[in-house]
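**Q** A predicted structure for the sequence below; I have some questions about it.
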Number of protein chains: 2
Amino acid sequence: MHHIDVSIEKDIFDANNRIAHANAHLLKDHGVRAFDLLGAIGSGKTALIECLVPLLNARGIRAGAIAGDVYGDDDFKRVVASGIPAVNANTGKECHLDAHLVQHALEDLPLDDIDVLFIENVGNMVCPTDFQLGAEKRIVVVSSTEGDDVVNKHPMMFRESAIGIINKVDLAEFVGCDLDRMEADMHRYNPAMRVFRTNLKTAEGVAPLLEAILG
Amino acid sequence: MHHIDVSIEKDIFDANNRIAHANAHLLKDHGVRAFDLLGAIGSGKTALIECLVPLLNARGIRAGAIAGDVYGDDDFKRVVASGIPAVNANTGKECHLDAHLVQHALEDLPLDDIDVLFIENVGNMVCPTDFQLGAEKRIVVVSSTEGDDVVNKHPMMFRESAIGIINKVDLAEFVGCDLDRMEADMHRYNPAMRVFRTNLKTAEGVAPLLEAILG
């Protein structure tokens, strides 16, 4: 927020980071690898979970999820329908999950029965970046329908994420989206980023992405 | 943000509202009608301005714009290309415009040469709602590609807006979006909302929308 005193902001981030650190320890103790899924509303974060669960199941890897949203349980219901343990985390008004919300969600998950935990953040390209949750990696999903300038508009989100997914590649031609520009912008902000192009409705491109997530 | 003291939050909003009030007065003094355009990244806020400018020009109504973004000038360049005076307002890290940013932007606009001012907020479905800018009306744009649960996930944004636009109706069938659900959700949260369906790439549906904006 624009007018908040910098020292207060620092206190908030410090407190969040301490809890994020505790979350990371708790997850490690239970042998859980956690991934923070970022991206705008409708980019495909829930669809990504839906795509990955059967691939993980096929390898005997047990998934779980925290479904973050400002309000409602639309994503939560979809995740549960994919057959994995999940917790719905509503932020009420906030535009991001924070480590404290995740800490409470972890209390409600059977951590010993989960190998890979997807933490689906609130659909938002700005707020979540400042709030570490204790996840091992951040994965950011954008879609062609968001416009090919979406990466350029959000440097921080791409600098902070290890993997970038360009989704809805099948719609790129209908919306006049230059996928190469998106990918080039990702690498400009984050040269080490692993970038994948997917159509999560058909699971196109998901197999190599899964290797990168687990790698 | 999650941990901020409520009294500080109240101070922030009070300060913002005072400046918003001053902005509204300044705009009125110059005979400018201002509209706050809300919606996710890629929903079609900039495309809406591009569509409306020629229709306004045809009536002798002079438009202007403030292009809000976290970073960059992609939207600003598009707005300028449509031939209207505009100011680029980068928030740096913030996920919304605020009245103070708009106040500065207004200093850089030829207000006596503008009848209708579009204030394109940052692409975000959460943060902008709390920050009045001094505009006459809020207009929220969603697109079919965001998923038909996008309205249900963001009650506040729809309660606070007078006009709701469902854009990219041509893509609804490709993404399995139920446009009727979107419209019903808008009316559930805001029974008085004027709802329009558009394809802003072809200007389909824009003429009646313009009447509602000016009405």
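**A** The structure has been received and is ready for your questions.
**Q** and the longest helix anywhere in chain A, what other elements does it pack with?
**A** Criterion DSSP state H: the longest helix present in chain A is helix A:6-29. On a contact count with 3 or more CB pairs under 8 Å, 6 or more residues apart in numbering or on different chains; DSSP states H and E, helix A:6-29 meets strand A:33-39, helix A:99-107. The way it works is simple: take the backbone N, C-alpha and C, and place the C-beta from them, glycine included.
**Q** Whichever helix or strand comes after the longest one and chain B, are they touching?
**A** Which is helix A:99-107. Using DSSP states H and E, the next helix or strand after helix A:99-107 towards the C-terminus is strand A:116-120. No: contact of strand A:116-120 with chain B (CB under 8 Å from any CB of the partner chain) is absent, the minimum separation being 12.2 Å.
**Q** what's the weakest-modelled helix or strand in chain A?
**A** The weakest-scoring helix or strand in chain A, judged by mean pLDDT, DSSP states H and E, is helix A:6-29 (a mean of 91).
**Q** Next, the angle from that helix to helix A:99-107.
**A** If you take axes from the mean of the first three to the mean of the last three CA atoms, to 10 degrees, helix A:6-29 sits at 20 degrees to helix A:99-107.
**Q** contacting residues around the residue minimising distance to the centre of chain A?
**A** For chain A, A:Leu37 is the residue whose C-alpha lies nearest the centre (CA atoms, centre = their mean; 0.4 Å). With contact set as CB atoms under 8 Å, 6 or more residues apart in numbering or on different chains, A:Leu37 has these partners: A:Lys45, A:Leu48, A:Ile49, A:Phe118, A:Ile119, A:Glu120, A:Asn121, A:Ile139, A:Val141.
**Q** from those, which is closest to chain B?
**A** Nearest to chain B among the contacts of A:Leu37 is A:Lys45, at 10.5 Å by CB to the nearest CB.
**Q** Surely the closest one and A:Gly39 touch.
**A** Yes: A:Lys45 lies in contact with A:Gly39 (CB atoms under 8 Å); the separation is 5.3 Å.
**Q** Spit out the residues that contact these two alike.
**A** Taking CB under 8 Å, 6+ apart as the contact rule, A:Lys45 and A:Gly39 both touch A:Asn121, A:Gly123, A:Val141.
**Q** Let me have those residues in CSV, adding neighbour count, distance to A:Ala203 and pLDDT as columns.
**A** Shown next, in CSV, are the shared contacts of A:Lys45 and A:Gly39 (neighbours: other CB atoms under 10 Å in any protein chain shown; distance: CB to CB, whole Å; pLDDT from 0 to 100):
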residue, neighbour count, distance to A:Ala203, pLDDT
A:Asn121, 29, 22, 97
A:Gly123, 29, 21, 93
A:Val141, 28, 14, 98
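**Q** Just put those residues in CSV and tack on distance to A:Gly92.
**A** Below are the shared contacts of A:Lys45 and A:Gly39 laid out as CSV (distance: CB to CB, whole Å):
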residue, distance to A:Gly92
A:Asn121, 15
A:Gly123, 15
A:Val141, 24
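**Q** Alright, calling it a day.
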